[in-house]
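Engineer: Give me a model of this one.
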Amino acid sequence: MNQASSKGPADAAQDRLARYAKQVRFAAVGEEGQLRLGRSSALIVGCGALGSVTANTLARAGVGRLRIVDRDFVELDNLQRQVLYTEADVGEPKAVVACQKIAAINGQVTCEPVVTDVDFTNIESLIESCDVVLDGTDNFETRFLINDACVKQGVPWVYGGCLGAEGQTMTIRPGKTACLHCLMLDGPPPPGTSATCDSAGILASIINVIASIQSLEAIKLLSGNAEATSDQLQVFDLWGNRHQPIALAGLRERVDCPTCQQRQFPWLSGDLAGHTAVLCGRNAVQLSFPARPPLDLARLAEQLSPLGRVVRNPFLLRFEVDSFTITLFPDSRAIINGTEDVALAKRLYAQYIGA
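Structural biologist: Residues are numbered from 1 along each chain as shown. Reported below is the predicted structural model:
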């Protein structure tokens, strides 16, 4: 019998731990924490900038199972900040490519790619069997949906967002800390009221900072060190050399949060979800958001003018960019001409209008 075949379970566990030797030597993790990581599962919602960094970090840390969900494909301008992708990946689905790269990074990690648009019909099944959820999304509607689902199921999640050289992150432990709705009682900011990555730009450095904190918070949770997670909203401005931690202790109780105190889940129920329709014969998709406040077309015209051709009158705004025309109406309805792909239409809306 050769040496390899004579190894028992204890030897196999030691072999598994060997690649993480430096991490195991960190006392708060240790062998037990590392073994916990290997038995744990994480859901990464969105594998663009934040998601690709967190996926890469958690795979190298030895998190046993990653489920990566993304509706999008790799584009050339992603490569400036989305670390799992190369020029050869342009045009391929992000979730699939990410799992291929992770398989090459760490064969001990099981990676499940899911190419889909996350909405109220599938979020709970995506979270099922996962121990933590990491936010790699580009819009607040999906974040509030994640918040609803995680609070309902009692699954911790880590919010993250970046713009320009600024970013913020927050760890939500349902029943123990404030949730996203506690922090933003009025709900998501209305579309068009804040800049997007396309209008304000983004630097890769802030992505790496925020995603690294998100990853470490997940590692704390998964290794049995939940009490070491942050109870603050961490806000960074790298260009301005500022870091502002905002205390959230007691916020959940003070605001009587509709989500985590009153157990109301309107995003999860679909009450606040948008509606989509492919317009037959027009190569266009209509997106409507009946629960949202009216759009400020004048403000949007100012925001979009540097990015493409804008025509506006009191009734609508028409924005032409690349091969697409996005027509916006005051009631938040939009018609995206140039595609019948609903996921692409949603991405374009989030990319240029926000939400």
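Engineer: C-alpha only now, for contacts and for neighbours.
Structural biologist: Noted.
Engineer: Any buried residues in the longest helix along the chain, and which?
Structural biologist: Looking across the chain with DSSP state H, the single longest helix is helix 204-222. Buried positions in helix 204-222, judged by neighbour count with 16 or more other CA atoms under 10 Å: 204, 206-222.
Engineer: name the helices or strands packed onto it?
Structural biologist: helix 30-39, helix 49-61, strand 132-135, strand 157-163, strand 166-172 (3 or more CA pairs under 8 Å, 6 or more residues apart in numbering; DSSP states H and E).
Engineer: ok, residue 117 - contacts?
Structural biologist: 70, 71, 343 (CA atoms under 8 Å, 6 or more residues apart in numbering).
Engineer: Top of these by number of neighbours, please.
Structural biologist: With neighbours taken as other CA atoms under 10 Å, the top of these is residue 70, carrying 24 neighbours.
Engineer: per-residue pLDDT, it?
Structural biologist: What the model reports for residue 70 is a pLDDT of 92.
Engineer: For the stretch 101-250 of the chain, which segments count as helices?
Structural biologist: Taking DSSP state H, counting those that start in this stretch as the test, the helices found in the stretch 101-250 of the chain are 123-127, 140-153, 180-183, 197-200, 204-222.
Engineer: Can you pull out the residues in contact with the longest one?
Structural biologist: Read it as helix 204-222. 33, 36-37, 40, 49-51, 53-54, 57-58, 80-81, 131-132, 134, 158-162, 164-169, 171, 226, 228-230, 236, 238.
Engineer: need the helices and strands packed on helix 204-222 in a markdown table with distance to residue 350, can you?
Structural biologist: Formatted as a markdown table, those follow (distance: least, CA to CA, whole Å):
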| stretch | distance to residue 350 |
| --- | --- |
| helix 30-39 | 34 |
| helix 49-61 | 15 |
| strand 132-135 | 15 |
| strand 157-163 | 14 |
| strand 166-172 | 18 |
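Engineer: any chance of those in CSV, plus mean pLDDT, distance to residue 20 and mean neighbour count?
Structural biologist: Formatted as CSV, those follow (pLDDT from 0 to 100; distance: least, CA to CA, whole Å; neighbours: other CA atoms under 10 Å):
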stretch, mean pLDDT, distance to residue 20, mean neighbour count
helix 30-39, 97, 8, 20
helix 49-61, 98, 7, 24
strand 132-135, 98, 21, 25
strand 157-163, 96, 24, 24
strand 166-172, 97, 25, 24
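Engineer: Residue 195: which of the ones you listed is closest?
Structural biologist: Of all the helices and strands packed on helix 204-222, it is strand 157-163 that lies closest to residue 195, at 8.0 Å by CA to CA.
Engineer: Mind exporting the C-alpha coordinates of the closest one to CSV?
Structural biologist: The C-alpha trace of strand 157-163 is given here as CSV (Å, rounded to 0.1, in the frame of the first residue of the first chain):
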residue,chain,number,x,y,z
TRP,A,157,-25.0,39.8,4.5
VAL,A,158,-22.4,42.4,3.8
TYR,A,159,-23.4,45.5,1.9
GLY,A,160,-20.9,47.4,-0.2
GLY,A,161,-21.0,50.3,-2.7
CYS,A,162,-18.5,52.5,-4.5
LEU,A,163,-18.5,55.6,-6.7
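Engineer: what's the offset of it from the middle of its chain?
Structural biologist: Centre-to-centre, strand 157-163 and its host chain are 7 Å apart (CA atoms, centre = their mean, to the nearest Å).
Engineer: Over to stretch 252-270?
Structural biologist: For stretch 252-270, the distance from its own C-alpha centre to the chain's C-alpha centre is 20 Å (CA atoms, centre = their mean).
Engineer: And the pLDDT at residue 280?
Structural biologist: pLDDT, residue 280: 66.
Engineer: next one: residue 219
Structural biologist: For residue 219, the model assigns a pLDDT of 98.
Engineer: still on that earlier bit, just the CA atoms of the longest helix of the chain, as PDB, please.
Structural biologist: Extracted in PDB, the C-alpha atoms of helix 204-222 (Å, rounded to 0.1, in the frame of the first residue of the first chain):
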ATOM      1  CA  ALA A 204     -10.100  50.400  -8.800                       C
ATOM      2  CA  SER A 205      -8.400  51.300  -5.500                       C
ATOM      3  CA  ILE A 206     -11.700  52.000  -3.700                       C
ATOM      4  CA  ILE A 207     -13.100  48.700  -5.100                       C
ATOM      5  CA  ASN A 208     -10.300  46.800  -3.600                       C
ATOM      6  CA  VAL A 209     -10.600  48.500  -0.200                       C
ATOM      7  CA  ILE A 210     -14.400  48.000   0.100                       C
ATOM      8  CA  ALA A 211     -14.300  44.400  -1.300                       C
ATOM      9  CA  SER A 212     -11.400  43.500   1.100                       C
ATOM     10  CA  ILE A 213     -13.500  44.600   4.100                       C
ATOM     11  CA  GLN A 214     -16.500  42.800   2.800                       C
ATOM     12  CA  SER A 215     -14.400  39.600   2.400                       C
ATOM     13  CA  LEU A 216     -12.900  39.900   5.900                       C
ATOM     14  CA  GLU A 217     -16.300  40.400   7.400                       C
ATOM     15  CA  ALA A 218     -17.500  37.300   5.700                       C
ATOM     16  CA  ILE A 219     -14.500  35.300   6.900                       C
ATOM     17  CA  LYS A 220     -15.200  36.400  10.400                       C
ATOM     18  CA  LEU A 221     -18.800  35.200  10.100                       C
ATOM     19  CA  LEU A 222     -17.900  31.900   8.500                       C
END
